[in-house]
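>>> got a sequence here, can you model it:
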Amino acid sequence: MKLVLTGVTGAAGIQIFRQAVSDAAITKITVLSRRVLPSWMDIPKNDKTEVIILNDFLNYPSDLPARLVGHDACVWALGKSSVGLSDDEYTRITYDYTMHFVNSLQEAGMKDKTGEPFRFVFISGEGADPSGKSNIKFAKIKGMTEKALFDLPPSSNIKASVMRPAYLFPSKDHPSDRENIRSSTTRVIDCLMTPIMKTILPSMYTPIEDLGLFAVEAAKGRWSNENLFPNSKMRELIKASRTPENRQ
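Below you'll find the model as predicted:
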């Protein structure tokens, strides 16, 4: 299986990347990145990853879409906090980048590809509102992106699914993640919030290892009869998948 990944230097994306590298069913990983992957990233050495540097996620090299059509799935974890961004800036990063990727695949021939549809897993977040009624920037624009993905017709040959994780922390097993992804202030907040979230508000907490596993399994086609996975649903399915009778 060939997989496209974005956002691999973020808290969610780096864990998804690790999970994909460790999954024997995934034979090729194509990472789309705005920069060279930093040396602090603690990723197992492997020979199945190719990194493509994109200066502009709205202007691909002419040959890239056709190369991506040969893949089976994508986990889109590219994103940024809405804090401090204008509506236009957040829309460009969240909606425009995502839909440009999807539309580029269709124009390059994805809609004519035979076999299983291309699986597109979008990392959204709890609180996203596809109804368009929310006045909260994050909820409105994430929701708008979700709706556009769900509105893709079957003829597009792209099957979208949406994950809505809640609060998450970079992996404690990889200290370099926390040191480089979180500021010193947010690291302190993480340390204070982790026990509270785990014990008092578990519904608003997403274990980062669960997120990585769920995203890769969804990209492989597991749970394909559903397309929207709020945090509670993800955690329920992951827990069930770890029982002996459901392990794959």
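>>> helix or strand right after whatever helix or strand Phe138 lives in?
Phe138 is part of helix 137-150 when elements are defined by DSSP states H and E. For helix 137-150, the succeeding helix or strand toward the C-terminus, using DSSP H and E, is strand 158-164.
>>> let me know the average pLDDT across that following strand.
The pLDDT scores in strand 158-164 average 98.
>>> kindly report the same for stretch 239-248.
Mean pLDDT, stretch 239-248: 72.
>>> next one: stretch 172-187
Per-residue scores along stretch 172-187 average to 79.
>>> from the chain's centre, how far out does the helix holding Phe138 sit?
The chain centroid and the centroid of helix 137-150 are separated by 14 Å under CA atoms, centre = their mean, to the nearest Å.
>>> the residue lying closest to Met193 once chain neighbours are set aside and Met234: what is the separation?
In space, and not counting its chain neighbours, Met193 is closest to Tyr167: 7.1 Å by CB to CB, 6 or more residues apart in numbering. C-beta: built from backbone N, CA, C; applies to glycine. The gap separating Tyr167 from Met234 is 13 Å, by CB to CB, to the nearest Å.
>>> shared neighbours, those two?
Here Tyr167 and Met234 have Thr206 as joint contacts, going by CB atoms under 8 Å, 6 or more residues apart in numbering.
>>> what are the ranges of the helices in this structure?
Using DSSP state H, the helices of the chain run over 11-22, 64-69, 87-91, 97-107, 137-150, 175-181, 184-199, 208-219, 231-241.
>>> make a markdown table from those and add mean neighbour count to it.
Formatted as a markdown table, the helices of the chain follow (neighbours: other CB atoms under 10 Å):
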| stretch | mean neighbour count |
| --- | --- |
| helix 11-22 | 24 |
| helix 64-69 | 17 |
| helix 87-91 | 15 |
| helix 97-107 | 19 |
| helix 137-150 | 21 |
| helix 175-181 | 17 |
| helix 184-199 | 13 |
| helix 208-219 | 23 |
| helix 231-241 | 16 |
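>>> would you single out the least confident of the ones you listed?
Comparing mean pLDDT across the helices of the chain, the weakest is helix 184-199, with a mean of 72.
>>> could you dump it to PDB, C-alpha only?
Only the C-alpha atoms of helix 184-199 are listed here, as PDB (Å, rounded to 0.1, in the frame of the first residue of the first chain):
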ATOM      1  CA  SER A 184       8.100  25.900  27.200                       C
ATOM      2  CA  THR A 185       4.800  27.400  28.300                       C
ATOM      3  CA  THR A 186       2.600  24.800  26.600                       C
ATOM      4  CA  ARG A 187       4.900  22.100  27.900                       C
ATOM      5  CA  VAL A 188       4.100  23.200  31.400                       C
ATOM      6  CA  ILE A 189       0.400  23.300  30.600                       C
ATOM      7  CA  ASP A 190       0.700  19.800  29.100                       C
ATOM      8  CA  CYS A 191       2.200  18.500  32.300                       C
ATOM      9  CA  LEU A 192      -0.600  20.000  34.400                       C
ATOM     10  CA  MET A 193      -3.400  19.100  32.100                       C
ATOM     11  CA  THR A 194      -2.500  15.500  31.300                       C
ATOM     12  CA  PRO A 195      -3.600  13.900  34.600                       C
ATOM     13  CA  ILE A 196      -6.700  16.100  34.700                       C
ATOM     14  CA  MET A 197      -7.700  15.100  31.200                       C
ATOM     15  CA  LYS A 198      -7.000  11.400  31.700                       C
ATOM     16  CA  THR A 199      -8.900  11.100  34.900                       C
END
